[in-house]
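>>> Sequence first, predicted model second:
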Amino acid sequence: MAIEPASELSSVEGATGFEAAAEREHAVGIGPWRLAGRRLRRNKVALAFGVLFLLLVGLALAAPLWAKDVAHTTTSANHLTEILHEGNKQVYVVSLSGVPVGPQWFAAGGKFFLGADDNGRDVMVRLLYGARTSLEIGIAAALITTVLAVVVALFAGYLRGITDTVLSRIMDIMWAFPVVILGVALGTALSIGGLKVGPVTLQSGSIAIPILIIGFVYVVYMARPLRGQVLSMREKEFIEAARAQGMGSFRIMFTEILPNLASTIVVFFPLAIANAILLEAYLSFLGAGVQPPTPSWGEMISEGIDRITTAPHLTIVPGLMLVLTVLALNIFGEGVRDALDPRSKVRISDN
Amino acid sequence: MRKYRGPVAAIVAVAAALALAACGGSSNSSSSSASGAASASSSTSSSSATGGAPKSGGTIKIGTVGPDSYDPQEYQTVQADSALHLVWTGLLAFKDGTGQASTELIPGLAESVPQPTDGGKTYVFQIRPNLHYSDGEPVKPSDVVNMVKRNLFLGGPFSSFYDDIVGATAYTAAKKQTAPLPGMIADDASGKLTIKLVQPDTRVLYAFAIGEAGVGPASKAIFKNTTGNPFPGDGPYTLKVVNPSPTNGEFILTKNPKFDVPTVAKGYLDQIDGMVSTNVNTMTENVINGTYDYMTEDPVGDLLPQVESQYKDRFLIGPGYPNTYYFFLNNTIAPFNKLAARQAVNYAIDPTALQRIFGGRLHPTCNLLPPGMVGYTAISPCPWRPNGTPQLSKAQALVKSAGLTGAPVTVWTNTKDPRPAIGAYLASVLNQIGFKATIKSLNQTVYFSTIGDPKSKAQIGFDDWFQDFPHAGDFMGNLLTTAAAKSIPSFNSGFVSDPHIDQQVNALDAQQPPAVASQWAALDAYVNSPTHAYLVPYGNEEDTAFYSTRMNVTQCSGYPNLVHRVDWALLCLK
Amino acid sequence: MIAVLFAISVITFAIFNVIPNGDPAFRLAGHSATPATIATIRHEWGFDKPVYVQYEKTMEKIFNGTLISYSTQTNVDTEIRHDIWPTISLAVGAALLWMFFAICLGMYSALKAGKISDRFLTALALVGISMPVFWVGALLSYYLGFKAGIFPNGGYTSLTSNPVQWAWHLILPWTALSILFIGVYSRLVRSSILDTINEDFVRTARSKGLGQRQVLLKHVLRNSLIPVISLWGLDFGAIIGGGAIVTESVFNLGGVGQYAANSIQSLDVPPVMALTIFIAFFVVLFNTIVDIMYAWLDPRIRLS
């Protein structure tokens, strides 16, 4: 009887997505991966969104180019008192009462393509660098989550006994802690003094801190269903055979069981990235994530909301980017899941 | 320093702003920054030529984030002071009025403001006879002694102001309520109160006039926090705390029939309801539609330009509660231990850019002392910006000549709006003149104690000071003396140590401010001159006051009061 | 259950007390941060005692209702009691809304599985999942409040004082919060229905000659809702406990979640402790309730 958690964020593909995906088993027949690959290729929509995601990654990588060659500025250079000359009009980048200018598109030669924020900084430049931040954190955190979850699942599920009891209790505790609150508490506390663990010191502004927090917070969501799978695999014949052959526990775990978890992990991974990116936005919105001046979409939205009537672009633009990125990952992830398990295509026959 | 408590988090409700904007017209009027205060009359009293005497009576509702404590010796914010100075009168007080007049020291429970004897170290007060608290108990000199002891025992936020009284530090260390305080001698029979100081310091007089020196009967002013259950005082109003919650609390000030201090204003209104919440946007909306009659907060974000343009007749903005915003420069470590580096920062800063970050609500300055402070004389022309614009190339040259191009600098700032933007601005300017600047942002609750600790090795960063009372020594003494640098945490975040400053502050503190105003001004100019450039002041945040249509703004604005921000005792209805 | 709550309280306390630079005595001392004053405050508030004693005292105060917050010096218990109402209003309304739509959309999707309408609804659901609630909330306020002028500002009017205003103020928050959950739950319902369709007992019902609609409503729906209900209970429990921290903040509802967010940001440890236990309690409580209901609803478990 498991204690399962929830919060407005945890249900985001979190508990449910992972659980559902884990319940499936592979199709047998021609190599399951080949089969999956074929199915995925046929799913045009998922592929399209996969490509979209790659495009976004490309944009993020192109950020320094845009900053230098098109916008001629950096993420933190303020242009508070600057004046833009557009044809015969003169416009303050930031008006005397603090209202920033809206999207210029190419009217100013590429500067302030998407407008300025109330510090006079170029929104497009910050948006692109924010993409880097989000992707860096998303992917790194997802990796941490996956690795830790797999290890925990293997140890708890295979070794059972005390290891399992201890690990399961710990997971129960983590589960009752709503994701956002735990994230905010850790983020706020660590953003003050940084983190010192043994010889490793992390400065309080370091991006490693949100990565660790987000990575850590999602471990239980992945570990639980994976553990379930390990438990059921444990009883199968091929494991018995391996044991009979005299293989040690560690070898069994990592060479026999782990490969069979692969498809589940592959389905989880894009979802994990999507969740990490979203959680990072929530934390930054609440001031507990990435610290300024590192640009972050969540923080840009948070600043933008204050000025939503006079400068709505500050809220709309970073939000749209965030939604697109997460959506692309979710749809592609959905496609991967469908490819690895055809049962989701079952239709109710009419008769 | 006094805190001005703003809205708690960066999360501000969106929708109130939107609904408000929907009511009005264009939202893009870029109102020019109002450096001329609108109708800030400096008259001390009320009856004016137009319309006769102000109307007495009535009840109003005030929107506020509320006092941080309802205990007179435990509060420290301006919002608390605005409300609570009306409940407990101290030994001395400040004149009820607006403008410069509001900084005048007047007798409260005492008959007069005495001149010191014994080389400035002894003050003898005579408590007025026949004064009573709101519960009928008579006012005695020993009550004042009780107030000081209570302050020291509880470790109140302003308790250190009394450290110059003989025996005060010993009393605090003794940790016993009944320990002796030899520097204060009360003779209840004759009504005489003698105060002996360790050294001459007129700041102590001011410490007896601030709201935190409010006096109550010794029998009821127990040595425990009394928030929620306030003890009686001898002020124009009595206090009832209906609900101490900070998110939806309420307190009520009602006229005190037993109020009998002749020098303090009685107040026009019969009752003032303080409606406490943290949502400034909803408060603003309520003042607009008349649910509230006044609010102690400034409109924020989008609302500020809208209110400024649509409700000009009942919205005042201008230099108000004395404060200065500046960047501290750590004078003891690289790179700002070099004069050239300090000069460079001063040359590069552009207050008009920072003005925009404040939504226009910033009065640019070159002085450390704020306008309105006795001893303030605007340094004109400003040595850094003689024609109003910063000199970036000069700054760059200075940095280069000092061999500091590329030197790493960490800019410290905190999370309270708009300090992140201010920090970002400073970092970008430092980068422009040749440093390599990064930002370190702390949670605002731990910010000042961290930058004030020399171990943090903070090189440069955001700082501000809101006056505790109208005495230049409050600024100079806390921000620039060696003695201040020694306490941990220190408010002298730059750890400035200059014997000339120490000597001047000591000497000038011994005199009443008006007598030595020009010397304070000279010290101000010295600190900010190119030969020293100890810190980088750039502006004074302007205050706003927003009233409903019921309020008589022309005669009874109570604004700007340089001690309480707005003097509620001067508010009246139309 | 108690063990879980205990562990959570210890972890929260550790997070805020073991981190450096968080000394509340400095903050409370304000201007007079002299060593003597700080020592006085430490003693008054008990900061000079060892960490485990402080923990014990804090827990004691939480349970006998005398816990005082550092920044406002008000009673935490009273504050929570007041703030619980907006949170409950938000939770109940949103939960009913999302379940209703999730079930309808999920059922429809399942019926049309594989067809265009199903793919479209799935895409919509995924969009709902991908949007951060605070962004949705801000935009709803902007477009429906400001531009169209239909809805009021944020804030909360209590049910007892004005039911119409109460509902009016909550419509946008309910919508913002529900969009996320409708996305999640409609897909859950859909996949749960598709799974159940193939179960033995459904085939039995059909072979008995029952029409498709009857089969669907009577047997399939009821059984497919079982796993959904269990997760619904947990999400609901979390929101009641204050998990909708961002929704409450953006619309300024003054609920328990907003209180938690503000307290964490001002490093106000007493309310944070109380609130973390509070929310964990509700999560665990609802989990237990749901497990019981699970057992009751699932005929296999009931009959066994």
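Thanks, I have the structure now. Everything quoted here is computed from the prediction, not taken from an experiment.
>>> Find the nearest non-adjacent residue to the residue of the stretch 151-300 of chain B at minimum distance from chain A, please.
Closest to chain A within the stretch 151-300 of chain B is B:Val300: 7.3 Å, counting by C-beta to the nearest C-beta. The C-beta positions use only the backbone N, C-alpha and C, and glycine is treated the same way. Nearest residue to B:Val300 in three dimensions, chain neighbours excluded: B:Val280, at 5.5 Å (C-beta to C-beta, 6 or more residues apart in numbering or on different chains).
>>> residues near whatever residue of the stretch 351-500 of chain B ends up closest to chain C, how many?
The minimum distance from the stretch 351-500 of chain B to chain C, using C-beta to the nearest C-beta, falls at B:Ser449 (4.0 Å). Per other C-beta atoms under 10 Å in any protein chain shown, the neighbour tally for B:Ser449 reads 21.
>>> tell me which element it is part of?
For B:Ser449, the enclosing helix or strand under DSSP states H and E is helix B:444-451.
>>> Following element in sequence after that helix, please.
On the C-terminal side of helix B:444-451, the nearest following helix or strand under DSSP H and E is strand B:460-466.
>>> Relative to the whole chain's centre, how far out is the following helix or strand past that next one?
Per DSSP H and E, the first helix or strand lying C-terminal to strand B:460-466 is helix B:472-480. Distance, stretch centre to chain centre, for helix B:472-480: 13 Å (C-alpha atoms, centre = their mean, to the nearest Å).
>>> Which positions in the following helix or strand past helix B:472-480 come out as buried?
Remark: after helix B:472-480, the chain's next helix or strand is helix B:482-486, criterion DSSP H and E. For helix B:482-486, burial by neighbour count (16 or more other C-beta atoms under 10 Å in any protein chain shown) applies to B:Ala484, B:Ala485.
>>> how long is stretch B:126-141 from one end to the other?
Using C-alpha to C-alpha, to the nearest Å, one end of stretch B:126-141 lies 8 Å from the other.
>>> Then stretch B:491-505?
End-to-end distance for stretch B:491-505, by C-alpha to C-alpha: 16 Å.
>>> for stretch B:465-485, same thing?
From its first residue to its last, stretch B:465-485 covers 15 Å (C-alpha to C-alpha).
>>> pLDDT (mean, whole number) over that stretch?
For stretch B:465-485, mean pLDDT rounds to 92.
>>> Ok, stretch B:404-412 next?
For stretch B:404-412, the mean per-residue pLDDT is 93.
>>> near chain A at all, that stretch?
No. Using C-beta under 8 Å from any C-beta of the partner chain, stretch B:404-412 stays clear of chain A, coming no nearer than 9.3 Å.
>>> Now do that stretch: distance from first to last residue.
Note: stretch B:404-412 ends 19 Å apart using C-alpha to C-alpha.
>>> Can you tell me what sits against that stretch?
B:334-335, B:338, B:340-341, B:399, B:423, B:426-427, B:430, B:434-442, B:447, B:450-451, B:458-462 (C-beta atoms under 8 Å, 6 or more residues apart in numbering or on different chains).
>>> Is it correct that the residue of the stretch 151-300 of chain B closest to chain A falls within a helix?
No. Assessed with DSSP: H, G, I helix; E, B strand; the rest coil, B:Val300 is coil; it does not lie in a helix.
>>> Can you read off the pLDDT for the spatially most central residue of chain C?
Nearest to the geometric centre of chain C sits C:Ile239, at 1.4 Å (C-alpha atoms, centre = their mean). Looking at C:Ile239, its pLDDT reads 78.
>>> wait, it sits on C:Ile88?
No. In terms of C-beta atoms under 8 Å, C:Ile239 does not count as a neighbour of C:Ile88; the distance is 9.2 Å.
>>> From B:Ala483, how far off is the residue of the stretch 351-500 of chain B closest to chain C?
Applying C-beta to C-beta, to the nearest Å, the value for B:Ser449 to B:Ala483 is 18 Å.
>>> Helices of the stretch 151-300 of chain B, start to end?
Here the stretch 151-300 of chain B has its helices, by DSSP state H, counting those that start in this stretch, at B:168-174, B:203-207, B:280-289.
>>> between the ones you listed, which one is nearest to C:Leu105?
helix B:280-289 (35.3 Å; C-beta to C-beta).
>>> The closest one: which residues count as buried?
B:Val280, B:Asn281, B:Thr282, B:Met283, B:Thr284, B:Glu285, B:Asn286, B:Val287, B:Ile288.
>>> What helices and strands are in contact with that helix?
helix B:14-23, strand B:59-64, strand B:294-295, helix B:303-310, strand B:535-547 (3 or more C-beta pairs under 8 Å, 6 or more residues apart in numbering or on different chains; DSSP states H and E).
>>> can you list those in a markdown table and add mean pLDDT, distance to A:Val336 and mean neighbour count?
As requested, the helices and strands packed on helix B:280-289 are arranged in a markdown table below (pLDDT from 0 to 100; distance: least, C-beta to C-beta, whole Å; neighbours: other C-beta atoms under 10 Å in any protein chain shown):
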| stretch | mean pLDDT | distance to A:Val336 | mean neighbour count |
| --- | --- | --- | --- |
| helix B:14-23 | 39 | 37 | 24 |
| strand B:59-64 | 95 | 54 | 22 |
| strand B:294-295 | 96 | 55 | 25 |
| helix B:303-310 | 85 | 47 | 22 |
| strand B:535-547 | 94 | 55 | 25 |
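>>> can you tell me the helix or strand for B:Thr413?
strand B:408-414.
>>> Could you tell me which residues of the stretch 201-304 of chain C lie near chain B?
C:Ser249, C:Val250, C:Phe251, C:Asn252, C:Gly254, C:Tyr259, C:Ala261, C:Asn262, C:Gln265, C:Ser266, C:Leu267.
>>> Right, I'll call it a day here.
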